[in-house]
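# Pasting a predicted model and its sequence here:
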Amino acid sequence: LDVMCWGDHALYDCTAEFRFFWLRTKVGELEDDRLRVAPCFECDPDSLAEAYDAPLPYHRDGLLFYHKPGHYALGLTPLVCLWKDARTTRYWRGLDACVLELDAAGRLATLDGLVVPEHPATDAQARLALAPGDLA
């Protein structure tokens, strides 16, 4: 999907577009054809239709959207988006679930920091035996 380092070359400070080019080029130079790079598509209507419908030798589990000029950022970032729906994954459940974290202040929040005020964290903490930093 992406490459951060190849041999002695660190690619953290390179754009996503360059990292994808580097990965495809370097994997193409290998004599082992068992390693393949996931297909990459432009973000226009025709390419998105192809990304949805192209046959793959494995099960699709969503579509990743990268901001091509963006550099690698550890953790959550607005530069990458994972899109899943009933057509892109066999594990689709709709919008009935999300991952929450119990923060040090005892609040339940999404991993991007949005606090969930409707459900007191103390109830969830007691019911699920959560400690700060745990995911629910």
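Looks like it came in fine. Please read all numbers here as calculations on a predicted model, not as lab measurements. Numbering: from 1, shown residues only.

# And for the stretch of helix or strand E17 belongs to, what's in contact with it?
Using DSSP states H and E, E17 sits in helix 16-29. The set of residues external to helix 16-29 that reach it, using C-beta atoms under 8 Å, 6 or more residues apart in numbering, is 2-4, 6, 11, 14, 35-37, 40, 66-72, 79. For glycine as for every other residue, the C-beta is placed from the backbone atoms N, C-alpha and C.

# Let me know the next secondary structure element after that helix.
Sequence order places helix 45-53 as the next helix or strand after helix 16-29, per DSSP H and E.

# And the residue nearest to R60 when sequence neighbours are not counted, how close does it get to R24?
Nearest non-adjacent residue to R60, counting by C-beta to C-beta, 6 or more residues apart in numbering: T88, 5.5 Å away. Note on T88: its distance to R24, by C-beta to C-beta, to the nearest Å, is 22 Å.

# same question, G70
In terms of C-beta to C-beta, G70 sits 18 Å off from R24.

# what does Y12 give?
18 Å.

# for D103, same thing?
D103 is 40 Å from R24, where distance means C-beta to C-beta.

# One more: T89?
T89 sits 24 Å away from R24, going by C-beta to C-beta.

# Just want to know which of these two has more residues nearby.
Higher neighbour count among T89 and R24: T89, with 16 against 13, using other C-beta atoms under 10 Å.

# Contacts only, for the nearest residue to the more buried one once chain neighbours are set aside.
Excluding the flanking residues, the one nearest T89 by C-beta to C-beta, 6+ apart is D61, at 4.8 Å. Contact analysis of D61 by C-beta under 8 Å, 6+ apart lists 84, 88-91.
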